[in-house]
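[1] quick one, what's the 3D model for this:
(one chain, ligands or ions: 1)
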Amino acid sequence: MTDNKKTVLVTGGTRGIGRALVEHYIKKGWSVISTGRSEEAVKTAQEALPDIKWIACDMARPSQRAEFRKQMNGVPLDLIIHNAGIQQARDYFTPADEAYSVTEETEINFLAPVDLTRSLMDNVRNAGGHVVYITSGLAIAPKQSSPIYCANKAGLRTFVKSLRQQSIMHESGVLITEVIMALVDTDMTRGRGKGKISADEAARQVTDGIEKRCEEIHIGKVKGLMFLRKLMPNLAEKLLIKL
Ligand SMILES: NC(=O)c1ccc[n+]([C@@H]2O[C@H](COP(=O)([O-])OP(=O)(O)OC[C@H]3O[C@@H](n4cnc5c(N)ncnc54)[C@H](OP(=O)(O)O)[C@@H]3O)[C@@H](O)[C@H]2O)c1
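    Numbers count the residues shown, from 1 in each chain. Model prediction:
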């Protein structure tokens, strides 16, 4: 990493929205560090995007997060985007084989960004940097089909609000942003949902909001959801809960 370049860390940059964010910051000339779940995932991503630093870290494993933290020791970070996430369907009335335990899903979606917030605080604070968390419209109005995911994202949203206030109270100089993501056409949403936007368009709106130093960035149809929620909060919930 060269000294005069800004540095961004994007978790989960191998695919989807994270990948589009990585490509954006490469084009902008930033030093980019990104992660994937496994050596294999990172190797494939590295073949396509060789000019950045790729690190394999399974965010569901606290021991791997500790290893990751060691690798980041002393690296100034101007921007961190906590993007890695999974969404699993769960029906508590007809349980099926689930790829992830509740603990794993929560480790990836909630505990990993919270844990890395503390362990990377000096990296970002020393750089007077910016920390961005990707939540979801489902943090505002949950759906029935992925209850743990919705709870994880709602929990992350609450965490971010408290963290932002702490940053202000400490005059830390660290800006804390929540991106409330809409439905995006990625592996996560394959085969379901209508009116999805592309990962490139989602990344464009995210990076635009980051450049404007917004505290909350509402992507695509989330703008409408936030407006509806102000006028008719019950209706907003009713519209999404049956999904
Ligand atoms: N797509 C949507 O409609 C939508 C809507 C609202 C919010 N979001 C949020 O946006 C973010 C990105 O979603 P996406 O749609 O781009 O997902 P995606 O295409 O499925 O990509 C997920 C990314 O997260 C990484 N990841 C998953 N599990 C991991 C683990 N255990 N350890 C490390 N990395 C892991 C993946 O790495 P590997 O390639 O190594 O597996 C991949 O890079 C997520 O936080 C998601 O909740 C998405």
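[2] any idea which residue sits dead centre in this protein?
    If you average the C-alpha coordinates of the chain and look for the closest C-alpha using CA atoms, centre = their mean, you land on Asn83, 2.2 Å from that point.
[3] measure it to Thr7 for me?
    Separation of Asn83 from Thr7 (CB to CB, to the nearest Å) stands at 16 Å. Bear in mind the C-beta positions are built from the backbone N, C-alpha and C, glycine included.
[4] what does Lys28 give?
    With the distance defined as CB to CB, Lys28 ends up 12 Å from Thr7.
[5] would you mind listing what in this structure touches the ligand?
    Among all residues of the chain, those adjacent to the ligand (criterion: CB under 6 Å from any ligand atom) are 12-18, 35-38, 41, 57-60, 83-87, 108, 134, 136, 181, 183-184, 186-189.
[6] which of the residues you listed are buried?
    Among the residues of the chain next to the ligand, the ones that count as buried by 16 or more other CB atoms under 10 Å are 12-18, 35-37, 41, 57-60, 83-87, 108, 134, 136, 181, 183-184, 186, 188.
[7] now do the contacts for the residue nearest to the centre of the chain.
    Contact partners of Asn83, counting by CB atoms under 8 Å, 6 or more residues apart in numbering, are 10-13, 17-18, 21, 134.
[8] export the longest helix belonging to the chain to CSV, keeping only CA atoms.
    Under DSSP state H, the helix in the chain containing the largest number of residues is helix 147-169. Listed next in CSV are the C-alpha coordinates belonging to helix 147-169 (Å, rounded to 0.1, in the frame of the first residue of the first chain):
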residue,chain,number,x,y,z
PRO,A,147,-36.4,-14.0,11.0
ILE,A,148,-32.8,-14.2,12.2
TYR,A,149,-31.5,-12.2,9.3
CYS,A,150,-34.1,-9.4,10.0
ALA,A,151,-33.3,-9.5,13.7
ASN,A,152,-29.5,-9.3,12.9
LYS,A,153,-29.9,-6.3,10.6
ALA,A,154,-32.3,-4.5,13.1
GLY,A,155,-29.7,-5.2,15.8
LEU,A,156,-26.9,-3.8,13.7
ARG,A,157,-29.0,-0.7,12.9
THR,A,158,-29.5,-0.1,16.7
PHE,A,159,-25.7,-0.7,17.4
VAL,A,160,-24.8,1.8,14.7
LYS,A,161,-27.0,4.5,16.1
SER,A,162,-25.4,4.2,19.6
LEU,A,163,-21.9,4.0,18.1
ARG,A,164,-22.5,7.2,16.1
GLN,A,165,-23.5,9.0,19.2
GLN,A,166,-20.4,7.7,21.1
SER,A,167,-18.2,8.9,18.2
ILE,A,168,-19.8,12.4,18.5
MET,A,169,-19.4,12.5,22.3
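[9] since that was my last question, I'll sign off now.
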